[in-house]
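Enquirer: build me a structure from this.
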Amino acid sequence: MKKFIVFILLQTLSMICAVFAQDTFYLKGKAINAGTLEAVPFVIVNIEGMGINKHMYSGFEGEFEFDSLLSGNYRLYGQYFHFYKFDTTITVSGNIEQFILPQVRDSSLGEYWLYPSHYNTQGALHDIENKTMEIILEINGARDYSLSEKDTLFENKYQVEYRFEGCEVLPEQDNVGYNREIFRHLDQLYGKRWRKSVRKDAIGLKVKK
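Expert: Next up, the predicted model:
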């Protein structure tokens, strides 16, 4: 009798969960320059509706994604420096794979602005959270910009990628701040032992003897 009662309770609970459960969907998109069709990174993309109010920056390839969306209508808008604001309404009734968010150049605002750099303290915290950590290396005109087998082993062991710094300095760029945040996180995970095998041309690295 007790087993029967438990069975009935479980069945009832299952039916209640099914009633209240709602399907959720995702929206994947890409921000592009409407004139050149090139990807536009660091567009501030916003989505509002159905009790949701979120925003994110488009990635280096212009990509962005919102998940856990209920069926319904949403306002989607975004803008990049010196571009007109894109603002539209979309209906979500299933997963959306390739939504194009066009950015139209506003020539009245003068010269094209450089997009802000990802490589600073805030960028490092983002990469740590998303497990996409990098270590920025110094550039030198006489150096061969290639990675050795030892470097690859280090990358695989500590789940980090080496990156050579660029020649152009972008707004908000702070390579030292980025690396130091990554170094601090590696210290927390592995102690100091990773420092023995890291490349010595890593920016901001203090080698302790």
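Enquirer: skipping its backbone neighbours, what lies nearest the most centrally placed residue in the chain in space?
Expert: Centroid check for the chain by C-alpha atoms, centre = their mean gives residue 59 as the closest residue, at 5.9 Å. Sequence neighbours aside, residue 41 is the residue nearest to residue 59 in space, at 6.2 Å (criterion: C-beta to C-beta, 6 or more residues apart in numbering). Any C-beta I mention is one placed from the backbone N, CA and C, and that applies to glycine too.
Enquirer: buried residues, stretch 180-198. List them.
Expert: 180-183, 185-186, 194-195, 198 (16 or more other C-beta atoms under 10 Å).
Enquirer: for the residues you listed, which one is nearest residue 133?
Expert: residue 182 (5.3 Å; C-beta to C-beta).
Enquirer: what mean pLDDT does the helix or strand containing that closest one have?
Expert: Using DSSP states H and E, the element containing residue 182 is helix 175-190. Helix 175-190 comes out with an average pLDDT of 95.
Enquirer: redo the buried residues of stretch 180-198 as TSV? Include distance to residue 118.
Expert: Below are those laid out as TSV (distance: C-beta to C-beta, whole Å):
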residue	distance to residue 118
180	16
181	12
182	13
183	17
185	16
186	19
194	23
195	24
198	21
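Enquirer: could you count how many residues lie near residue 178?
Expert: 28 (other C-beta atoms under 10 Å).
Enquirer: do the same with residue 87
Expert: Look at residue 87: counted by other C-beta under 10 Å, it has 11 neighbours.
Enquirer: mind splitting the protein into its structural domains?
Expert: Here the chain is described, according to automatic domain parsing, as comprising the domains 23-106, 121-196.
Enquirer: and the ones you listed: which comes nearest residue 205?
Expert: domain 121-196 (6.9 Å).
Enquirer: and the pLDDT for residue 43?
Expert: 88.
Enquirer: I'd assumed residue 58 was in contact with it.
Expert: Yes. Using C-beta atoms under 8 Å, residue 43 is in contact with residue 58, at 4.3 Å.
Enquirer: helix or strand next in line after the host helix or strand of residue 127, which one?
Expert: Taking DSSP H and E as the criterion, residue 127 maps to helix 121-129. Once the chain leaves helix 121-129, the next helix or strand it forms, by DSSP H and E, is strand 134-137.
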